[in-house]
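# Curious how this folds, go ahead:
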Amino acid sequence: MSHPDPIALTRRLVAFDTVNPPGNEAECARYLAGLLRAAGFDTRMVPLGDGRASLIASKGSAGSAGPLVFTGHIDVVPLGTKEWSQAPFGGAIVDDRLYGRGASDMKGGVAAFVAAAIQEADRAGDGMQLTLIITAGEETGCDGASAIVAQDLQGRAGALVVAEPTANMPYVGHKGALWLRGIARGITAHGSMPDAGDNAVYKAARATHRLSCFHFGVAPHRTLGAPTLNVGTFHGGLNINSVPDRAVIEIDLRTIPGMDHADLRRQVAAEMQEDMEIETAIDLPGVWTAPETPWVARTAAIAASVTGEPFELRTATYFSDASVLVPALGDAPTLILGPGEPRQAHQTDEWCSVTRIHQATLIYRRMIADWADGKEDAR
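Numbering: from 1, shown residues only. Coordinates of the predicted model:
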C-alpha cells in the first residue's frame, strides 16, 4: 500500500473543522481509521456524543514490555476574534510554515505519528504492539480521554508518547491542573438601600484579594518549578441598581508531584475566609517521568540525531491527555514530543514548520524501530 505523506495528511486534518465546542471530531476520526485499517490496524471508535468520537487503533500483540502508545487530540480551539491572514482550515504552505487552526496544536503531531505508524506497521506483530489513541474533546478538559478510560481502555502500556507541541524536543512531564469555582451568595435589595441586602460581590472580592497572597507551603520541583494559582474570571451581579446576590470566581491551580488535590482544595477554601460554595471544574494530575529512565535517554538520543539539537531537560506549561491516560495505562513512562511550536498553540494564524513535521515522522519511526528491536521494559 502507499504510505501517507505527513505534510499532505496534516493539511487534510486541518481541513476538518473540529473547533471545540462543538467538536465534530467523528468525521476526522473515521478518516484516520480508514487509513489505519488499510495498513492492518484494528480500529474502534469511542463515542463522545453527537458527531463526536475518539479513535483507538492497534496492531500486533504486546510482549512483556507492553505496547508502545502514541496519543494526540484532533479537536481545536475557536478561531478568536482577530482576522486570519491565511484560511484557518486551508492548510496553506508559505515558505516552511503550514498554516491552519490546529497545525501546531496538534494535527501536525497526529499526522506525523499516524504516518510513522503506517510506514512501520510491519514491525508490529508477535511481541510488539503499536497502539494509537486519537482523542476528541481534549481542549475542554480531556473529555475524550476520560470517555476512553471509562468505556474502552484496559491494560498496561510499555511507554506513552504525547505528540503535543514541543518543537521536537522531548519533554519529561507537565504540571497537574485543579480548576475550582467559588460561588458567593448574598441577599438582593434595591441599589439605593444596600443595607437591606447582603452583597455577594464584596464577599467574592475579599476572597479574591486573599487568594492573591496564597502560599502553597511546598518546595519547588527540580524541573517543573513552583505550583501556581490564578483567579481567571470574576462574575457578579445582574444590574447596576441592585445588590448582587451571587458572584462567581474561577481559580486555576497548577500543581507539582507530591501535592494532594483534595488537600489543596481545602487549603484554598480556608484561605478565602468567606462562606462560599466550592465546585471542582477540572481535576487532572501532573505527569512526570524521571529523565534517567533508559527509554527517555534512548528517545532523547533519537530526537537529537534527527534535529541536530542536543537534549535539554524541559517540561510543558500546559496539561494534556496524559493526565488521564497515564494512570489508566499503569503509570507508563511518558514523553511529550511533537512537531508543533509551543508558542503557536491557540494563536491567530497558527502554523507548524513543515521541516518539524518531517523530523517528527522520522523520530517516531525510529522510536518504533527501537521498541521493536529492544522489546524491553521502558521502566
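
# from here on, contacts and neighbour counts on C-alpha atoms
Fine.

# in the stretch 151-300 of the chain, which spans are strands?
Counting by DSSP state E, counting those that start in this stretch, the stretch 151-300 of the chain has strands at residues 159-162, 173-174, 176-185, 228-236, 246-255, 276-284, 287-288.

# how about CSV for those, with distance to Ala87 and mean pLDDT added?
Formatted as CSV, those follow (distance: least, CA to CA, whole Å; pLDDT from 0 to 100):
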stretch, distance to Ala87, mean pLDDT
strand 159-162, 27, 98
strand 173-174, 32, 97
strand 176-185, 33, 98
strand 228-236, 30, 98
strand 246-255, 32, 98
strand 276-284, 33, 97
strand 287-288, 35, 96
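
# Quick check: which of the ones you listed has the most neighbours on average?
strand 173-174 (a mean of 28; mean count of other CA atoms under 10 Å).

# if we can go back for a sec, closest one to Ala92 among the strands of the stretch 151-300 of the chain?
strand 159-162 (25.3 Å; CA to CA).

# I'd like the distance between Leu35 and His3.
According to CA to CA, to the nearest Å, Leu35 and His3 sit 9 Å apart.

# So between these two, which is more surrounded?
Per other CA atoms under 10 Å, whichever of Leu35 and His3 has more neighbours is Leu35, with 16 against 13.

# List the buried residues of whichever helix or strand that one is part of.
Assessed by DSSP states H and E, Leu35 sits inside helix 26-38. The neighbour-count check on helix 26-38 (16 or more other CA atoms under 10 Å) flags 26, 28-30, 32-33, 35-36 as buried.

# any chance of the residues you listed in a markdown table, with pLDDT and distance to Gln267 too?
Formatted as a markdown table, the buried residues of helix 26-38 follow (pLDDT from 0 to 100; distance: CA to CA, whole Å):
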| residue | pLDDT | distance to Gln267 |
| --- | --- | --- |
| Ala26 | 98 | 41 |
| Cys28 | 98 | 43 |
| Ala29 | 98 | 41 |
| Arg30 | 98 | 45 |
| Leu32 | 98 | 45 |
| Ala33 | 98 | 46 |
| Leu35 | 98 | 49 |
| Leu36 | 98 | 48 |
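
# Let's have the residues you listed in JSON lines, adding distance to Asp17.
Shown next, in JSON lines, are the buried residues of helix 26-38 (distance: CA to CA, whole Å):
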{"residue": "Ala26", "distance to Asp17": "11"}
{"residue": "Cys28", "distance to Asp17": "9"}
{"residue": "Ala29", "distance to Asp17": "12"}
{"residue": "Arg30", "distance to Asp17": "14"}
{"residue": "Leu32", "distance to Asp17": "15"}
{"residue": "Ala33", "distance to Asp17": "17"}
{"residue": "Leu35", "distance to Asp17": "19"}
{"residue": "Leu36", "distance to Asp17": "21"}
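
# Identify all contacting residues around the helix holding Leu35.
Helix 26-38 is contacted from outside by 1, 13, 16, 42-45, 51-55, 57, 74, 114, 118, 134, using CA atoms under 8 Å, 6 or more residues apart in numbering.

# Stretch 303-320 too?
The contact list for stretch 303-320 (CA under 8 Å, 6+ apart) reads 138, 142, 162, 164, 166, 168-177, 223-224, 286, 291, 300-301, 336, 359, 362-363.

# which of the residues in that stretch are buried?
Under the neighbour-count criterion of 16+ other CA under 10 Å, stretch 303-320 has 303-304, 307, 311, 314-316, 319-320 buried.

# which intervals of the stretch 51-200 of the chain have sub-threshold pLDDT?
Along the stretch 51-200 of the chain, the parts satisfying pLDDT under 70 run over 152, 154.
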